[in-house]
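S.K.: here is my input; please provide its structure:
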Amino acid sequence: MNWEVVIGLETHAQLSTVSKMFSGASTAFGAEPNTQACAVDLALPGVLPVVNREAVELAIRFGIAVQGKISSRSIFARKNYFYPDLPKGYQISQYEWPIVMGGSLCILVDGQEKNVRLTRAHLEEDAGKSLHEDFHGCSGIDLNRAGTPLLEIVTEPDMRSAAEAVAYARALHRLVTWIGICDGNMQEGSFRCDANVSVRPQGNDRLGTRCEIKNLNSFRFLERAIQFEVQRQIELIESGGQVVQETRLYDPDRDETRPMRSKEDAQDYRYFPDPDLLPLCVDESWVERVHGELPELPEAMQKRFQGQYGLSDYDARLLTASLPMARYFERTVPLACGDAKAVANWVNGDLASALHRDGMEMAHVRVTPHQLGILLCRVQDGTLSGKMAKEVFEVLWTEGGDPDQVIESRGFKQISDEGALEAIVNGLLEEHPEQVAEYRSGKEKVFGFFVGRAMKACGGRANPAQLNALLKKRLAG
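M.R.: Residues are numbered from 1 along each chain as shown. Below you'll find the predicted structure:
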């Protein structure tokens, strides 16, 4: 039987606020356990939550970016469940009346664009964290994360493969970091995905029984977890079994999902409006102000780069992988004699490779737009060959400095003087008459021999185009 995969994602994006969703406690990562949990986070008697206005504004920013509907009135609810890292015995979230409804996100898979519909995005607080290591058979509870503001972003079941799910997660990650609502740090838990996975016979419109895979904090784990779960469900059904609705965890060491608990439905959480919080009202003027402060969005900038700079879809897509990279490119172009294609090649090539090699983010790039711009101008005016430019770039990356001074002090300047090059070529032809004869008899591969010897004679500093033209002219007799 042919099977169709059906996937929906729920993503928790930690909002980039200084304080928590309903208290003034810090959200900074890495503090000693339980040092950033105040009376509100600990649910001490008599405390009352106060909504973080900045978190609301970041949610509005997201809703505008995905073209969703910003609710003028939304409600905070209590989601009731019992777990050691949930001090109140309930989580403050939004259920029937979320702050954002609808919207969509465009993804690209195998060269094909597809829109993934969003169901909703709602505000909620995070729970604490259970610690199971180093407690000699016990578990510890760290409540530093309790109350941290989250935006839970829920899709429709629109994805049909693990590749589509990863493409969506990457696109969402790019968007939330681009508009500045989340730092996107998956290692620190700032961006986590839950995947709802089911299968059904090809052509059947009825949804199969879904299983939810919780807390996937890398794109690789997301892909592998879905792939395993799809195969598990197909094999189970084909062997005569039935898929049970449940929550599962992915074990990356064994590359498998395993049961965690039976899957709850909404009624199991007994949602009801939180009596301690008034309805959240957002007026049109607030939405308009936030809209006016949004940066140009990645898809719009990508299309502009293609039109304004004549870049390919591939180059433009790479350059708009992050807002810092896109801005770096635009600052460099006018400094690089306006050669946008050359800048794109360097940013997507050598600069991106150096960042990856050294494990650095674009925000900490070591070569400034000014330095790269001068470097590319020196390639364009013939001062440097492409190979030399790469060597100068490495010096700038590791040591810094002025490109022109580096070129002068390290002797990188390209030899473009025709007289000097002619003297080198004439000397080679006199030293190697046999190879000259071979070339003139039709063995054109010998040409590479002369190029190599000429480059060696001048320390690799000859202008390649001039050298090749001069060699061809002299060898032709």
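S.K.: all contacts plus neighbour counts: C-alpha atoms, from now on.
M.R.: Noted.
S.K.: how about Ser198: which residues does it bridge to?
M.R.: Judged by DSSP bridges, the bridge partners of Ser198 are Val6.
S.K.: that one touches Gly208, doesn't it?
M.R.: Yes: if you go by C-alpha atoms under 8 Å, Ser198 and Gly208 touch, sitting 5.4 Å apart.
S.K.: settle it for me: which of those two has more neighbours?
M.R.: Ser198 (25 against 17; other C-alpha atoms under 10 Å).
S.K.: pairing partners for the lengthiest strand in the chain, with directions?
M.R.: Taking DSSP state E as the criterion, the chain has its longest strand at strand 112-125. Partners of strand 112-125 in the sheet, by DSSP bridges, are strand 100-101 (antiparallel), strand 104-109 (antiparallel), strand 149-155 (antiparallel).
S.K.: what about it, distance to the chain center?
M.R.: Here strand 112-125 is found 17 Å from its chain centre; the criterion is C-alpha atoms, centre = their mean, to the nearest Å.
S.K.: okay, now the unreliable bits of the stretch 351-477 of the chain?
M.R.: 414-417, 420, 458-461, 477 (pLDDT under 70).
S.K.: so which bits of stretch 248-256 are buried?
M.R.: 248-250, 256 (16 or more other C-alpha atoms under 10 Å).
S.K.: tell me the one of those residues nearest Ala354?
M.R.: The shortest gap between Ala354 and any of the buried residues of stretch 248-256 belongs to Tyr250, at 32.7 Å (C-alpha to C-alpha).
S.K.: check what contacts stretch 225-239 and list those residues.
M.R.: 3, 5, 162, 195, 197-199, 213, 242-243, 250, 255-257 (C-alpha atoms under 8 Å, 6 or more residues apart in numbering).
S.K.: please export the C-alpha coordinates of that stretch as PDB.
M.R.: C-alpha atoms of stretch 225-239 as PDB (Å, rounded to 0.1, in the frame of the first residue of the first chain):
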ATOM      1  CA  ALA A 225      12.600  11.600  14.500                       C
ATOM      2  CA  ILE A 226       9.900  12.100  11.800                       C
ATOM      3  CA  GLN A 227      11.500   9.600   9.500                       C
ATOM      4  CA  PHE A 228      11.700   6.900  12.200                       C
ATOM      5  CA  GLU A 229       8.100   7.600  13.400                       C
ATOM      6  CA  VAL A 230       6.700   7.400   9.900                       C
ATOM      7  CA  GLN A 231       8.400   4.000   9.300                       C
ATOM      8  CA  ARG A 232       7.300   2.800  12.800                       C
ATOM      9  CA  GLN A 233       3.600   3.600  12.100                       C
ATOM     10  CA  ILE A 234       3.600   2.100   8.600                       C
ATOM     11  CA  GLU A 235       5.200  -1.100   9.800                       C
ATOM     12  CA  LEU A 236       2.700  -1.300  12.800                       C
ATOM     13  CA  ILE A 237      -0.300  -0.900  10.600                       C
ATOM     14  CA  GLU A 238       0.900  -3.300   7.900                       C
ATOM     15  CA  SER A 239       1.500  -5.900  10.500                       C
END
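S.K.: and that stretch, what's buried?
M.R.: For stretch 225-239, by 16+ other C-alpha under 10 Å, it's 225-227, 229-230, 233-234.
S.K.: which one of these is nearest to Leu467?
M.R.: Nearest member of the buried residues of stretch 225-239 to Leu467, counting by C-alpha to C-alpha, is Gln227, at 54.9 Å.
S.K.: just to be sure, the closest one is in a helix?
M.R.: Yes: using DSSP: H, G, I helix; E, B strand; the rest coil, the assignment for Gln227 is a helix.
S.K.: one step back: can you tell me which of the contacts of stretch 225-239 are in helices?
M.R.: Ala162 (DSSP state H).
S.K.: any chance of the contacts of stretch 225-239 in TSV, plus pLDDT and distance to Leu467?
M.R.: Formatted as TSV, the contacts of stretch 225-239 follow (pLDDT from 0 to 100; distance: C-alpha to C-alpha, whole Å):
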residue	pLDDT	distance to Leu467
Trp3	96	62
Val5	97	59
Ala162	97	52
Ala195	98	59
Val197	97	62
Ser198	97	64
Val199	97	63
Ile213	96	62
Gln242	94	73
Val243	94	70
Tyr250	96	59
Asp255	94	56
Glu256	94	59
Thr257	95	62
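S.K.: by neighbours, which of the contacts of stretch 225-239 wins?
M.R.: That'd be Val197 among the contacts of stretch 225-239, by other C-alpha under 10 Å, with 27 neighbours.
S.K.: does it touch Glu212 like I think?
M.R.: Yes: in terms of C-alpha under 8 Å, Val197 counts as a neighbour of Glu212; the distance is 6.4 Å.
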